[in-house]
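Engineer: Generate a structure from the sequence data that follows.
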Amino acid sequence: MKTVIISGAAGFVGYHLIKNLQEKGIFVIALCRPGSSHNRRLKEFTNLKIIECDTSHFLSLKEGLQNYYPDVFFHLAWEGTTGEKRGNYAIQLANVKDICDTYTLAALLGCKKFIATGTIYECLAEQVLLAEQFNSLSYYVLAKKYAYESLFQLSKKLKLDLTWCMFCQPIGKYIKLDQLMAYLVYELKEGRIPKLGTAENPFDMIVVEDLAEGLYLAGIHNLKNKKYYIGSERPRQLKEYLKKAGELVAPEIELVFGQRASDGLQFSYDWLDSTSFRQETGFFNSYRFEDGVRNVAKWVEECN
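Structural biologist: Below you'll find the predicted structure:
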């Protein structure tokens, strides 16, 4: 793997993936959202080419990229992964079209492999469909699942190797500030008790540097299956993660659980099993959860 393309390159995971690949001497073509303030993060890197282009126009890049001969295409771009946009059906449906167009571009460029990032939340699709009440996660969950199914069908036609890498919650520098861990850290640093749900679901937090290494390994190995989960060594109840983070950030504040209403959606530990990925790639976690929390805390301080 000598040259790769990364969409969503200036995002939280994208930045750390580029950093990982740069350390290995891999040339990166970084596709970024036009005009995004996040693009300045990439100025520290040298062995890369930055292209600003909206995901809806990726197919237009074919002619300009043909002479780069990329080996792997990492598709990380996805609009509306957090906040109100998760409940916007137009945005989520557009994501599905864009990911299929991106896969088509990768095939046209002669890439050997296409790696896309999913989320453990797509495993909630059946619960969402059976629920009587609308959930703000619904369109995001269903779009992610449909995106994978659509790519799987497209891979039968275009014959480009597809790997779908799911994860639960990466933490570290550049995490979105509306993500749970960033919210928790901010509230505690401000001396406030964060408003939390019961936090009884099985959960998994992985330090983003470890996730980046996992994606790199997915790129260099011939994997047997099309879908894998990349996570920590020991998933646990969400409450355990939050309590540990609270002890690190503000041990004098006691967390209170159950202040937010439950959405009724249930996770399973079976979804958080990374055994097959570890066996096929040799992946292991190099960073501790505490490292990730401290990096989140530093990032929150920088932003405020």
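
Engineer: What's the local residue count around the residue nearest to Ser60 when sequence neighbours are not counted?
Structural biologist: Residue nearest to Ser60 in three dimensions, not counting chain neighbours: Cys53, with 7.5 Å by Cβ to Cβ, 6 or more residues apart in numbering. Using the backbone N, CA and C atoms, a C-beta is placed for each residue, glycine as well. Using other Cβ atoms under 10 Å, Cys53 has 15 neighbouring residues.

Engineer: tell me the pLDDT at Cys53?
Structural biologist: Per-residue pLDDT puts Cys53 at 97.

Engineer: again with Ser262
Structural biologist: 85.

Engineer: Just to check, it is in contact with Asn201?
Structural biologist: No - with contacts defined as Cβ atoms under 8 Å, Ser262 does not count as touching Asn201, sitting 9.0 Å away.

Engineer: Please, where are all the helices along the stretch 101-250 of the chain?
Structural biologist: In the stretch 101-250 of the chain, the segments counted as helices under DSSP state H, counting those that start in this stretch are 125-130, 138-158, 180-189, 208-220, 238-249.

Engineer: could those be laid out in CSV, adding distance to Val300, mean pLDDT and mean neighbour count?
Structural biologist: Output for those, formatted as CSV (distance: least, Cβ to Cβ, whole Å; pLDDT from 0 to 100; neighbours: other Cβ atoms under 10 Å):
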stretch, distance to Val300, mean pLDDT, mean neighbour count
helix 125-130, 31, 96, 13
helix 138-158, 24, 97, 18
helix 180-189, 5, 97, 20
helix 208-220, 15, 98, 23
helix 238-249, 9, 98, 19
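
Engineer: Can you lay out these as JSON lines showing distance to Asp270?
Structural biologist: Formatted as JSON lines, the helices of the stretch 101-250 of the chain follow (distance: least, Cβ to Cβ, whole Å):
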{"stretch": "helix 125-130", "distance to Asp270": "14"}
{"stretch": "helix 138-158", "distance to Asp270": "17"}
{"stretch": "helix 180-189", "distance to Asp270": "22"}
{"stretch": "helix 208-220", "distance to Asp270": "19"}
{"stretch": "helix 238-249", "distance to Asp270": "16"}
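
Engineer: Between those, which one is closest to Lys85.
Structural biologist: Comparing the helices of the stretch 101-250 of the chain by their distance to Lys85 (Cβ to Cβ), the top pick is helix 138-158, with 8.1 Å.

Engineer: how far does the closest one sit from the chain's center?
Structural biologist: Taking Cα atoms, centre = their mean, to the nearest Å, one finds the center of helix 138-158 at 16 Å from the center of the full chain.

Engineer: just stretch 282-295 next, same as before
Structural biologist: 16 Å.

Engineer: Endpoints of it, how far apart?
Structural biologist: Taking Cα to Cα, to the nearest Å as the measure, stretch 282-295 stretches 26 Å from start to finish.

Engineer: Verify the stated contact: Ala107 with Leu158.
Structural biologist: Yes - judged on Cβ under 8 Å, Ala107 makes contact with Leu158 at a distance of 4.3 Å.

Engineer: What are the contacting residues of the helix or strand of the chain with the lowest mean pLDDT?
Structural biologist: Each helix and strand of the chain was given a mean pLDDT (mean pLDDT, DSSP states H and E); the minimum falls on helix 62-65 at a mean of 92. The contact list for helix 62-65 (Cβ atoms under 8 Å, 6 or more residues apart in numbering) reads Ile5, Ile29, Ile51, Leu105, Leu108, Leu109.
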